[in-house]
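**Q** Sequence isn't available, so here's the structure alone:
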């Protein structure tokens, strides 16, 4: 959820167009992060990149052991986790966010780092050796030194000094003290797989493959085992990793089956709650415990299936924009929204792409005349659309013309954002 985004909205999102592609030689497994005009991402061939957010040009790149599994940019440092390859096992890296210079590395010793989050000067890394249970490790963010280790590990969210985590094949919600790693309480989640938790509105939300969104009080229930406050009804996805939900100031969003859902984040007053809205999609929501939707300025963005990116109105679920990208397998990366641009990594398309909605005043349609008759006039019907950031009045003037021309109006009334006005342009062809 990006509460600071305001440039991209329901008025101009239909004008989103491809700005640039940054080609990667391999698949991209995690979504990009945008900080201070730089986009950060890694790919499967053992490389992590920082690219210019406006041009897509590479600013710096660094080699990593193999597949990037997570990253976070905090206080001018980018922290990266990467899995094993060949004789070299996984590592955790800290790079200078602006130059790419290495600061420290941490070797998990025959374990693979599969997830990473950073908060309060601590890097929390989930590691696993083969098929053994997951462990959660806390590292000092400045030095990389280990602070503590816990045998509970999984997909992590952190809020108010508490760690919330779920395991890939054990959907139980575990809640730990972030300072010492001590288990405080567990949340009862049914099913066989659960998404990464999301914390908001003093609640913690978990999407399970049993067909429910689970909502717990983020502070617990005063006991070591807690039941959910309420359940959201979605299609079951047995055997698949369900999509993590996303939350804005009012609502809760998630994709399941071939639909996208919006719920009231505070429930419905009953134990089981139906969605406020449901929107059918042209694709199935494949496994993706790391690919939640992204929410910004009243719009929810979500990858779906192998090829689609959708933008939904957060209040109604109406599809405001969709984009089809090539690729033969499910997309595993969430989009990022910043400064009026959408950044997305289509996993098997091998590109990090940036989309932008041009801001300004636009005339349509483009008009061409194949045949003209001397002495006669040609009339063009045009539409002016206000795609600026505010309502305004516009002056119309023709300059540089050598033929006699006239406009049906020279000044528009006040046009609100996204509104249009039709007018005509007449051109007299000289004898």
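**A** Cool, the structure landed. All figures in this text were calculated on a predicted structure; none of them were measured in a lab.
**Q** Quick one: residues in contact with the helix or strand where residue 353 lies.
**A** Secondary structure from DSSP states H and E places residue 353 in strand 351-356. Under the contact criterion Cβ atoms under 8 Å, 6 or more residues apart in numbering, strand 351-356 has outside partners 16-24, 28, 32, 39, 41, 51, 53, 56, 323, 325, 340-346. In this view, the C-beta of every residue, glycine as well, is placed from N, C-alpha and C.
**Q** just the buried members of the residues you listed?
**A** With neighbours counted by 16 or more other Cβ atoms under 10 Å, the contacts of strand 351-356 contain buried members at 16, 19-20, 22, 24, 28, 32, 39, 41, 51, 53, 56, 323, 325, 340-346.
**Q** Grab the nearest non-local neighbour of the residue at minimal distance from the centre of the chain.
**A** With distances taken as Cα atoms, centre = their mean, residue 335 lies nearest the centre of the chain, 3.0 Å away. Excluding its sequence neighbours, the residue lying closest to residue 335 (Cβ to Cβ, 6 or more residues apart in numbering) is residue 344, at 4.3 Å.
**Q** Can you tell me the element that neighbour falls in?
**A** Using DSSP H and E, residue 344 falls in strand 341-346.
**Q** okay, the angle between that strand and strand 351-356?
**A** Going by axes from the mean of the first three to the mean of the last three Cα atoms, to 10 degrees, strand 341-346 is angled at 160 degrees with respect to strand 351-356.
**Q** tell me what strand 341-346 is packed against?
**A** Applying 3 or more Cβ pairs under 8 Å, 6 or more residues apart in numbering; DSSP states H and E, one finds that strand 341-346 contacts strand 336-338, strand 351-356.
**Q** In terms of secondary structure, what does the helix or strand hosting residue 380 contact?
**A** Applying DSSP H and E as the criterion places residue 380 in strand 377-387. Applying 3+ Cβ pairs under 8 Å, 6+ apart, we find strand 377-387 packed against strand 360-364, strand 420-428.
**Q** Select from the ones you listed the stretch with the lowest mean pLDDT.
**A** Lowest mean pLDDT within those: strand 360-364, at a mean of 65.
**Q** next helix or strand past whichever strand or helix holds residue 205?
**A** Assigned by DSSP H and E, residue 205 belongs to strand 203-208. Later in the chain than strand 203-208, the nearest helix or strand by DSSP H and E is strand 212-217.
**Q** what does the average pLDDT come to for that following strand?
**A** For strand 212-217, the per-residue pLDDT averages 97.
**Q** Pairing partners for that strand, with directions?
**A** strand 203-208 (antiparallel), strand 230-233 (antiparallel) (DSSP bridges).
**Q** So which of these is nearest residue 270?
**A** strand 230-233 (7.1 Å; Cβ to Cβ).
**Q** Could you list the low-confidence segments of the stretch 1-150 of the chain?
**A** Scanning the stretch 1-150 of the chain for pLDDT under 70 picks out 85-88.
**Q** Please enumerate the strands of it.
**A** 17-23, 33-35, 38-43, 47-52, 58-63, 68-74, 77-82, 91-96, 102-106, 112-119, 122-128, 135-140, 146-150 (DSSP state E, counting those that start in this stretch).
**Q** With the stretch 251-400 of the chain instead?
**A** Under DSSP E, counting those that start in this stretch, the stretch 251-400 of the chain gives strands at 251-256, 259-264, 272-273, 277-280, 294-296, 299-304, 308-313, 319-324, 336-338, 341-346, 351-356, 360-364, 377-387.
**Q** and the gap between residue 227 and residue 185?
**A** Plainly put, residue 227 is 11 Å away from residue 185 if you go by Cβ to Cβ, to the nearest Å.
**Q** okay, those two: which has more neighbours?
**A** Taking other Cβ atoms under 10 Å, residue 227 and residue 185 do not tie; residue 185 has more neighbours (18 against 12).
**Q** which strands and helices sit next to the strand or helix carrying the more buried one?
**A** Here residue 185 is covered by strand 183-187, with elements defined by DSSP H and E. Contacts defined by 3+ Cβ pairs under 8 Å, 6+ apart place strand 183-187 against strand 173-177, strand 225-226.
**Q** repeat that for 10 Å
**A** With contacts taken as 3 or more Cβ pairs under 10 Å, 6 or more residues apart in numbering; DSSP states H and E, strand 183-187 sits against strand 162-166, strand 173-177, strand 212-217, strand 225-226.
**Q** Mind listing what's buried along the third one?
**A** It refers to strand 212-217. 212, 213, 214, 215, 216.
**Q** now those residues in a markdown table, with distance to residue 113?
**A** Rendered in a markdown table, the data for the buried residues of strand 212-217 read as follows (distance: Cβ to Cβ, whole Å):
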| residue | distance to residue 113 |
| --- | --- |
| 212 | 30 |
| 213 | 28 |
| 214 | 27 |
| 215 | 30 |
| 216 | 27 |
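**Q** Nice, that's everything, thank you.
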